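# Pasting the sequence and the predicted coordinates here, then a few questions.
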Amino acid sequence: MEITEGHLFMADLTGYTAYLTDSELQHAGPILSGLLNAIIEEIQPPLEIANLEGDAVFFRAPPDKFVSGQTLLEVNERIYFSFAELRRQMIANTTCPCRACANIAGLDLKVFAHFGQFQMLELAGRRELSGPDVILLHRMAKTNIREALNMPSYLLLTKAEADRSGVSDHPVHLAPYSEEFEHFGKVDMVAHDLGAAWTDCQATAERVYISKDSALWSGEIEFAGEQLVIWDYLVLPEHKKNWMDMVSVSAAGGPGDRHGIGTDYHCVHAEADVRFRIIDWRPFDYFSALEVDPLGSGLCYRETWEIVPAGANWIVRFSVEAPEPGADRSEPATDEERAAIVGLYEAFGMPMLEGLRSYVTGAEP
């Protein structure tokens, strides 16, 4: 049988057995089904469900599908956020006094990740992943990390996964951990606190979104690809430099060692410098920024880059809001200045989007 390597993941409900044994099945079943479906809905290409295991979702991804370690962290944060938000809504909206509804708060989620090898077995018409690395992933569900690090909900990655995916490049968000496993010996791992990430997300819940209908200028382009890859090409400086046709692109600031709200980008073009700061960050749907007018008018404006599903393809849309006076200017934009900004984006906006499409798909510009 062919041996394959790749990223292996398992999202596992915490408190599942205790919840079922102390709850009325009539209500517990739909609650658990809803929470598991919230996880499943977030598993999109290049992620692929490998198996459903009662209280866990086992999924995988090809070896070279994560452009950055930050994306792997955000993929799993998004899975947890969907779970946590649905759990919050269930708790807030139920008036049922039964034990199943009263015990929802006792359910939580942890995710395990490992990079390794496996074989695909055909058993009774089903495809099952098999191999020592698959066993190790399941052994990771039985660690003492919750007590050792006081971390009820977490993403636990082996060092092999953290190094391969680039997660090791973000040590601010990681806690080292190791444990002995029978037949495997000591396994070095790192943990990311998903509960803390959810709390931080709620603290920065204000949304800044410029819609196509409200924009001063908006452009869009449709092409085939994978949302996670398109997102990375949109936000990572080393890729923005290429498809934006810049001399250089740099980014600094933001949440710890990751890009996000507060990150400042400086894009140097042969004709002008472009500077903007991230003010809303919603992987992998959209991000919004506050940009200083590169024409030197002293104006600034908010803009949104978004990735919208379009059947089997994706639409990337760029929308720019009407300008406002910046810190060194008090008077509003004149009609001539507004027209100049529209002209700037009519001249360069669509070529940028075309450059992105060519960069993602490998097509000729």
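Alright, I've got the coordinates. Numbering: from 1, shown residues only.
# how does the protein divide up, domain by domain?
Listed by automatic domain parsing, the domain ranges of the chain are 3-203, 217-361.
# which stretch among those comes nearest Y209?
domain 217-361 (5.6 Å; C-beta to C-beta). From N, CA and C alone the C-beta is placed, and that goes for glycine too.
# how far does that closest one stretch from start to finish?
Its first and final residues considered, domain 217-361 spans 25 Å by C-alpha to C-alpha, to the nearest Å.
# that older thread, can I get the domains of the chain in CSV including mean neighbour count, mean pLDDT and distance to S211?
Putting these into CSV (neighbours: other C-beta atoms under 10 Å; pLDDT from 0 to 100; distance: least, C-beta to C-beta, whole Å) gives the following:
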stretch, mean neighbour count, mean pLDDT, distance to S211
domain 3-203, 17, 93, 22
domain 217-361, 17, 93, 7
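# now the strands for the stretch 151-300 of the chain?
Ranges of strands within the stretch 151-300 of the chain are 154-158, 175-181, 185-193, 217-223, 248-252, 264-268, 273-282, 286-292, 299-310, based on DSSP state E, counting those that start in this stretch.
# okay if I get these as TSV plus distance to L123?
Shown next, in TSV, are these (distance: least, C-beta to C-beta, whole Å):
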stretch	distance to L123
strand 154-158	26
strand 175-181	25
strand 185-193	28
strand 217-223	39
strand 248-252	48
strand 264-268	50
strand 273-282	40
strand 286-292	42
strand 299-310	34
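# Out of these, the one nearest Y359 is which?
Closest of the strands of the stretch 151-300 of the chain to Y359 is strand 217-223, at 10.3 Å (criterion: C-beta to C-beta).
# The closest one pairs with which strands, and in what direction?
Here strand 217-223 has these sheet partners by DSSP bridges: strand 313-320 (antiparallel).
# before we move on, the earlier item: Throw the domains of the chain into a markdown table and include distance to I210, thanks.
Listed next are those as a markdown table, based on distance: least, C-beta to C-beta, whole Å:
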| stretch | distance to I210 |
| --- | --- |
| domain 3-203 | 21 |
| domain 217-361 | 4 |
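# Give me the nearest residue to T361, chain neighbours excluded.
Nearest non-adjacent residue to T361, counting by C-beta to C-beta, 6 or more residues apart in numbering: F223, 5.7 Å away.
# In this structure the one you found contacts A312, no?
No - if you go by C-beta atoms under 8 Å, F223 and A312 don't touch, sitting 10.7 Å apart.
# Skip the chain neighbours and tell me the closest residue to E206.
E206 sits nearest to D280 (C-beta to C-beta, 6+ apart), 7.5 Å away.
# Could you do F287 as well?
W281 (5.1 Å).
# go on, Q26?
Distance criterion C-beta to C-beta, 6+ apart; nearest residue to Q26, sequence neighbours excluded, is A100 at 7.7 Å.
# Can I take it that that neighbour is in a helix?
Yes - using DSSP: H, G, I helix; E, B strand; the rest coil, the assignment for A100 is a helix.
# pretty sure it contacts I31?
Yes - assessed by C-beta under 8 Å, A100 is found in contact with I31 at 6.2 Å.
# Strands along the stretch 1-150 of the chain, start to end?
For the stretch 1-150 of the chain, the strands defined by DSSP E, counting those that start in this stretch cover 3-14, 48-52, 56-61, 108-123, 126-130.
# Tell me the strands beside the first one, with direction?
Strand 3-14 has the following strand partners under DSSP bridges: strand 56-61 (antiparallel), strand 108-123 (antiparallel).
# From the rest of the structure, what touches stretch 247-261?
70, 73, 169-173, 200, 204, 235-238, 240-241, 262-270, 277-281 (C-beta atoms under 8 Å, 6 or more residues apart in numbering).
# now it, how far from the centre of its chain.
Remark: stretch 247-261 is offset 16 Å from the chain centroid, using C-alpha atoms, centre = their mean, to the nearest Å.
# now swap in stretch 242-252 and tell me
How far stretch 242-252 lies from its chain's middle: 22 Å, per C-alpha atoms, centre = their mean.
# now stretch 351-364
Centroid displacement of stretch 351-364 relative to its chain, using C-alpha atoms, centre = their mean, is 22 Å.
# Let the chain start at 285 from now.
I'll keep to 285 as the first residue from here, and by that count the last item is stretch 635-648.
# Who is H550 paired with across the strands?
Applying DSSP bridges to H550 gives these bridge partners: S534, R559.
# Contact partners for it?
Counting by C-beta under 8 Å, 6+ apart, H550 makes contact with 533-535, 557-559.
# at 10 Å what do you get?
521, 530, 532-536, 557-560 (C-beta atoms under 10 Å, 6 or more residues apart in numbering).
# swap in H311?
The neighbours of H311, taking C-beta under 10 Å, 6+ apart as the test, are 378, 380, 382-388.
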